[in-house]
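**Q** build me a model from this:
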Amino acid sequence: QREYGLTPDDVHDSFNFFMVTEVQTGGTVRISRQDTGPGDHVELLALIDTLAIPNVCGADVMRTSNFFLKPIKVQVLQATAEDLARVPAMPPMASQRTPKDFLNPVIKADRELRKDGGYEPKFLNTPLTVTEVEIELDDEEMALLREYEHARLYRGDSAATLRDVFFSWWEQRFVTSPNGAPTVARSE
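**A** Residues are numbered from 1 along each chain as shown. Sure, this is the predicted structure:
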């Protein structure tokens with residue numbers, strides 16, 4: 001976004017495709033493990049000029065990413081006339097606002113995006129490094145791991161399943177206080 005000189009005010013809210021979120025009774029939100037697998041995908045058809053920025057959630061020690069970061073594949077293809085002909089008419093939505101509803105009804109429609117040639121990305125914590133840690137499990141522990149309630153998400157990858165077990169324990173045991181400091185959750 002910054003590469004094109006955009007500020008937070010220029011940017012639409014993110015649209016999460018694979019983040020499993022549910023609103024619970026009472027209005028609280030719960031984020032669960034994602035259940036997508038290799039090959040799962042979303043196809044979008046832009047009907048107007050669009051700047052789309054894929055953003056992979058960097059919460060590698062949280063269930064939103066199943067406790068590990070994985071690469072994604074993004075392809076940009078040119079729509080064919082046949083693709084465009086299949087787009088249904090878009091009826092106006094009851095909640096849709098038009099310029100007459102805006103405080104300032106004049107829309108600046110000539111703002112062309114231009115790359116900032118001097119922009120250099122400075123991402124935190126990159127490049128990522130992965131350290132392999134050898135863990136020995138006996139037959140009984142391996143059987144428990146295979147029976148773990150979320151093991152099916154990892155399609156036979158026992159290391160990923162064990163990482164889920166560990167970080168699930170970590171999430172339950174160590175919580176963040178309102179001031180952001182880690183604290184130990186104690187059970188009675």
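
**Q** can we go C-alpha only for contacts and neighbour counts from here?
**A** OK.

**Q** could you find the closest non-adjacent residue to I53?
**A** Distances taken as Cα to Cα, 6 or more residues apart in numbering place Q1 nearest to I53, at 7.2 Å, with adjacent residues excluded.

**Q** so what's that neighbour up against?
**A** Listed by Cα atoms under 8 Å, 6 or more residues apart in numbering, the contact set of Q1 reads T7, V11, I53.

**Q** and those, which is closest to P99?
**A** The closest of these to P99 turns out to be V11 (Cα to Cα; 18.7 Å).

**Q** coming back round to it: can you tell me which of the contacts of Q1 lies closest to E147?
**A** Nearest to E147 among these: I53, at 38.3 Å, using Cα to Cα.

**Q** tell me how far that closest one lies from F15.
**A** For I53, the distance to F15 (Cα to Cα, to the nearest Å) stands at 10 Å.

**Q** same check, this time on V76
**A** 18 Å.

**Q** next one: A94
**A** Taking Cα to Cα, one finds A94 at 21 Å from F15.

**Q** okay, those two: which has more neighbours?
**A** Each of A94 and F15 has its neighbours counted (other Cα atoms under 10 Å); F15 has more, 9 against 6.

**Q** tell me the secondary structure of the more buried one, please.
**A** With DSSP: H, G, I helix; E, B strand; the rest coil as the basis, F15 sits in coil.

**Q** pLDDT value on it, please?
**A** For F15, the pLDDT comes out at 78.

**Q** just the strands in this structure please.
**A** 21-23, 29-31, 174-176, 182-184 (DSSP state E).

**Q** what's the least confident stretch among those strands?
**A** Across the strands of the chain, the lowest-scoring stretch is strand 182-184, with a mean of 50.

**Q** need the helices for this protein, in chain order.
**A** Counting by DSSP state H, the chain has helices at residues 81-85, 139-147, 158-173.
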